[in-house]
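Engineer: Dropping a prediction and its sequence here:
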Amino acid sequence: MKANKRSLGWMAAVAGVGLVASGSAVFSAVTGNDNNQKPPLSLKYDNTQINREATQGHSYYPIVEKVTPSVVQVYVTTKGGNGNMGMNQDLQDQLRRFFGRQFPQMPEPQTPGEKALGSGIIISSDGYILTNNHVVQNARTIQVKLTDNRTFSGKVIGTDPATDVALVKIDADNLQPITFADSDQAQVGDVVLAVGDPFGIGQTVTEGIISAKNRQGLSEDGQSDEAFIQTDAAINPGNSGGALVDTDGRLVGMNTAILSRSGGNQGIGFAVPSDLCRWVADSLIKNGKVERGMLGVTIQQLSPELAKAMNLRRTTGAVVADVTPNSPADKAGIKDGDVVVAFDNKPIEDENSLKLMVAESAPGKSVPIQIDRNGQTLNLNVTLEELSQKNTLAKNEPNSNENEPQGDALHGVAVQDLDRQTREELNVPGNVRGAMITQVDPSSPSYEAGLREGDVIEEINHQPVRSAEDADRLTANKGGKGETLVKVWNQNGSHYVAVQEGND
């Protein structure tokens, strides 16, 4: 087919979606666990409100005395015995992911089998211990040292790389397990203590506050379930797997990562929330793996620009950019352009909250879901399936350019029909139909917003685009200023953008 190029009289402003692609979790084989489903762990849990009275001049000694017997040192001999502190290159790469791109390249050990160092948290009196997946990844042997200097061999019960949580078991009794707090109740400004074994020098306690909650986008592979608690309590290499506790000595998070230019503490550390740790531990002990629910949608942030273009009076929720055919979402009647505002009777603040809620729901569960469709509220029920590597739970769109358009946004985008040859060259799936962008003026707001050659325009204002002529017709005679809702496909999937119009 001969290319039919047309210049469109509009420019797109990508609504800053700041999202992380999610995918199926990778589960490690269970070591030392039979195939029979086991009952859940009986964990110590206290969900009472934290004491927020002023702590100026207050000693934390009673809290430290209570907590430190529940925090252990973890020594890991890795397979291969080379690299940083006995870590192979894969594990070094993991640590750079969690401890910053500037994590130093340490000299090769003189003898094979040197030990990597980390921390762990006792969660049951009979020897179940939480730590990070990146601490025990590729482990050949695991040694766990208690505060009374007793040392035990550990075995991995299961791991969940998507949350960087692992469960280890030692053969011991009458241990002192930590008490879990309700991490959802923790607030920015709450005082916290970080307990662990930094640099292998011995157990250390540091004090700080919760700096932020629900931090996302730390992983480079885009495969993680992230809702980190951020703290300025000093966390350093070796603290991984240690405890972050409140002023009642209850676990609010497991120390996992730092943001650093040097590989050392710079006041920005991250912890996996205790609620998420508890869910993973329970799943690993019962099933040997984490079974995640799958909805079958691609989602993105509901930005103010998208809300205006969709004629919505809300700024919270998750926009459904695409629905997988024959998925639970498709069977429940969810459509492209819907905004999910509640899931399992819980409000949805943003796309990441929906992603985590779906993941933490059991496959086969029937869940009420509330959506906003063109300003109308609809109540549906969806029966979740199990997430696997071949399907989608609630996939977030990748990061997009957040620049706003400057001045008029007219012309500068050329399109052509999406013919067979072009489809094959660009590897465009057969179910994607639309007009392909062939040129974007580099000086235009459209280019700054993120539109590029090779993108495919699928819809304009919920009207399907099947040709360059459709795109031209649907963007013609758009006098005045306002927003146009455009659905675009590229190699990262489908997503919506709000197009800011202007006068010639």
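Structural biologist: Thanks, I have it. Please read these numbers as outputs of a predicted model, since none were measured by experiment. Residues are numbered from 1 along each chain as shown.

Engineer: Give the residue spans of the stretch 101-250 of the chain that score low on pLDDT.
Structural biologist: Residues of the stretch 101-250 of the chain meeting the criterion pLDDT under 70: 101-116, 217-224.

Engineer: go with 90
Structural biologist: Counting by pLDDT under 90, the stretch 101-250 of the chain contains low-confidence residues at 101-118, 134-135, 137-140, 161-163, 183-184, 186, 196-208, 210-229, 231-241.

Engineer: Can you check which helix is longest in this structure?
Structural biologist: helix 274-287 (DSSP state H).

Engineer: next helix or strand past that one?
Structural biologist: Counting by DSSP states H and E, the next helix or strand C-terminal to helix 274-287 is strand 293-294.

Engineer: after that following strand, next one along is what?
Structural biologist: Next along the chain from strand 293-294, counting by DSSP H and E, comes strand 297-301.

Engineer: average pLDDT for that following strand?
Structural biologist: The average of the pLDDT scores along strand 297-301 is 87.

Engineer: Partner strands of that strand, with direction?
Structural biologist: strand 318-323 (antiparallel), strand 394-396 (parallel) (DSSP bridges).

Engineer: Would you mind measuring from Lys169 to Thr204?
Structural biologist: When distance is defined by CB to CB, to the nearest Å, Lys169 is 25 Å away from Thr204. (C-beta placed from N, C-alpha, C; glycine too.)

Engineer: Tell me the buried residues in stretch 184-195?
Structural biologist: Across stretch 184-195, burial judged by 16 or more other CB atoms under 10 Å covers Ala186, Asp190, Val191, Val192, Leu193, Ala194, Val195.

Engineer: ok so, going back, neighbour-wise, which of Lys169 and Thr204 wins?
Structural biologist: Shown here are Lys169 and Thr204; by other CB atoms under 10 Å, Lys169 has more neighbours (23 against 19).

Engineer: The more buried one against Ser153, yeah?
Structural biologist: No - counting by CB atoms under 8 Å, Lys169 stays clear of Ser153, with 9.9 Å between them.

Engineer: just to revisit the earlier point, quick one: mark the members of the buried residues of stretch 184-195 that sit in strands.
Structural biologist: Val191, Val192, Leu193, Ala194, Val195 (DSSP state E).

Engineer: could I get the residues you listed as JSON lines with distance to Leu251?
Structural biologist: Formatted as JSON lines, these follow (distance: CB to CB, whole Å):
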{"residue": "Val191", "distance to Leu251": "15"}
{"residue": "Val192", "distance to Leu251": "10"}
{"residue": "Leu193", "distance to Leu251": "11"}
{"residue": "Ala194", "distance to Leu251": "11"}
{"residue": "Val195", "distance to Leu251": "10"}
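
Engineer: Out of those, the closest to Gln176 would be?
Structural biologist: Val195 (13.0 Å; CB to CB).

Engineer: looking only at pLDDT, what's the mean for the helix or strand encompassing Val415?
Structural biologist: Taking DSSP H and E as the criterion, the element that holds Val415 is strand 413-417. Average pLDDT, strand 413-417: 76.

Engineer: So which bits of the following helix or strand past it are buried?
Structural biologist: Once strand 413-417 ends, the next helix or strand along the chain (criterion: DSSP H and E) is helix 420-426. Using 16+ other CB under 10 Å as the test for burial, helix 420-426 gives Thr422, Arg423, Leu426.

Engineer: helices and strands around whichever helix or strand comes after helix 420-426, which ones?
Structural biologist: Downstream of helix 420-426, the next assigned helix or strand under DSSP H and E is strand 435-440. In this structure, strand 435-440 makes packing contacts with strand 413-417, strand 456-460, helix 468-475, judged by 3 or more CB pairs under 8 Å, 6 or more residues apart in numbering; DSSP states H and E.

Engineer: can you map out the helices along the stretch 251-400 of the chain?
Structural biologist: 274-287, 304-309, 328-332, 351-359 (DSSP state H, counting those that start in this stretch).

Engineer: Can you tell me which of the ones you listed is nearest to Ile63?
Structural biologist: That would be, of the helices of the stretch 251-400 of the chain and by CB to CB, helix 274-287, which comes in at 15.8 Å.

Engineer: That closest one vs helix 351-359, what angle?
Structural biologist: 20 degrees (axes from the mean of the first three to the mean of the last three CA atoms, to 10 degrees).

Engineer: Give me the contacts around helix 274-287.
Structural biologist: Residues from elsewhere that reach helix 274-287 (CB atoms under 8 Å, 6 or more residues apart in numbering): 30, 37-41, 43, 45, 123, 128, 130, 157-160, 163, 165, 167, 180-184, 225, 227, 250-254, 289-291, 356, 360.

Engineer: try 6 Å
Structural biologist: Residues from elsewhere that reach helix 274-287 (CB atoms under 6 Å, 6 or more residues apart in numbering): 37-38, 40-41, 130, 157-158, 160, 163, 165, 167, 180-181, 183, 251-254, 290, 360.

Engineer: Could you report the separation of Val341 from Val319?
Structural biologist: Distance of Val341 to Val319, computed by CB to CB: 11 Å.

Engineer: which of the two has more neighbours?
Structural biologist: Val319 (27 against 21).

Engineer: Tell me if I'm right that the more buried one and Val339 touch.
Structural biologist: Yes - contact criterion CB atoms under 6 Å: Val319 and Val339 qualify, at 5.5 Å.

Engineer: For the two, list the residues in contact with both.
Structural biologist: Joint contacts of Val319 and Val339 (CB under 6 Å, 6+ apart) are Leu302.

Engineer: which ones are touching the nearest residue to Val64 once chain neighbours are set aside?
Structural biologist: Closest residue to Val64 apart from its sequence neighbours, by CB to CB, 6 or more residues apart in numbering: Val205 at 5.3 Å. Applying CB under 6 Å, 6+ apart to Val205 gives the contacts Val64, Leu193, Val195.

Engineer: now do Lys169
Structural biologist: Here Lys169 is in contact with Gly127, Tyr128, Lys155, Ile157 (CB under 6 Å, 6+ apart).

Engineer: that's a strand at it, yeah?
Structural biologist: Yes - counting by DSSP: H, G, I helix; E, B strand; the rest coil, one finds Lys169 located in a strand.

Engineer: Flag every buried residue along the longest strand anywhere in the chain.
Structural biologist: Across the chain, the longest stretch assigned as strand under DSSP E is strand 204-215. Within strand 204-215, the residues scored as buried using 16+ other CB under 10 Å are Thr204, Val205, Thr206, Glu207, Gly208, Ile210, Ser211, Lys213, Arg215.

Engineer: What pairs with the helix or strand following it, parallel or antiparallel?
Structural biologist: Remark: after strand 204-215, the chain's next helix or strand is strand 228-231, criterion DSSP H and E. Within its sheet, strand 228-231 is paired with strand 204-215 (antiparallel), strand 269-273 (antiparallel), according to DSSP bridges.

Engineer: Include distance to Arg433 when you put these into CSV, please.
Structural biologist: Shown next, in CSV, are the strands paired with strand 228-231 (distance: least, CB to CB, whole Å):
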stretch, distance to Arg433
strand 204-215, 37
strand 269-273, 42
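
Engineer: Would you mind saying which of the ones you listed lies nearest Ile348?
Structural biologist: Nearest of these (CB to CB): strand 204-215, 12.8 Å.

Engineer: Could you export that closest one as PDB, CA atoms only?
Structural biologist: What follows is strand 204-215, C-alpha atoms only, in PDB (Å, rounded to 0.1, in the frame of the first residue of the first chain):
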ATOM      1  CA  THR A 204      24.000  -1.600  65.200                       C
ATOM      2  CA  VAL A 205      21.000   0.700  66.000                       C
ATOM      3  CA  THR A 206      20.400   4.000  64.200                       C
ATOM      4  CA  GLU A 207      17.500   6.500  64.700                       C
ATOM      5  CA  GLY A 208      15.600   8.600  62.300                       C
ATOM      6  CA  ILE A 209      12.100   9.300  61.000                       C
ATOM      7  CA  ILE A 210       9.900   8.000  58.200                       C
ATOM      8  CA  SER A 211      10.700  10.500  55.400                       C
ATOM      9  CA  ALA A 212       8.100   9.200  52.900                       C
ATOM     10  CA  LYS A 213       5.800   6.300  52.100                       C
ATOM     11  CA  ASN A 214       4.900   4.300  49.000                       C
ATOM     12  CA  ARG A 215       8.100   5.100  47.100                       C
END
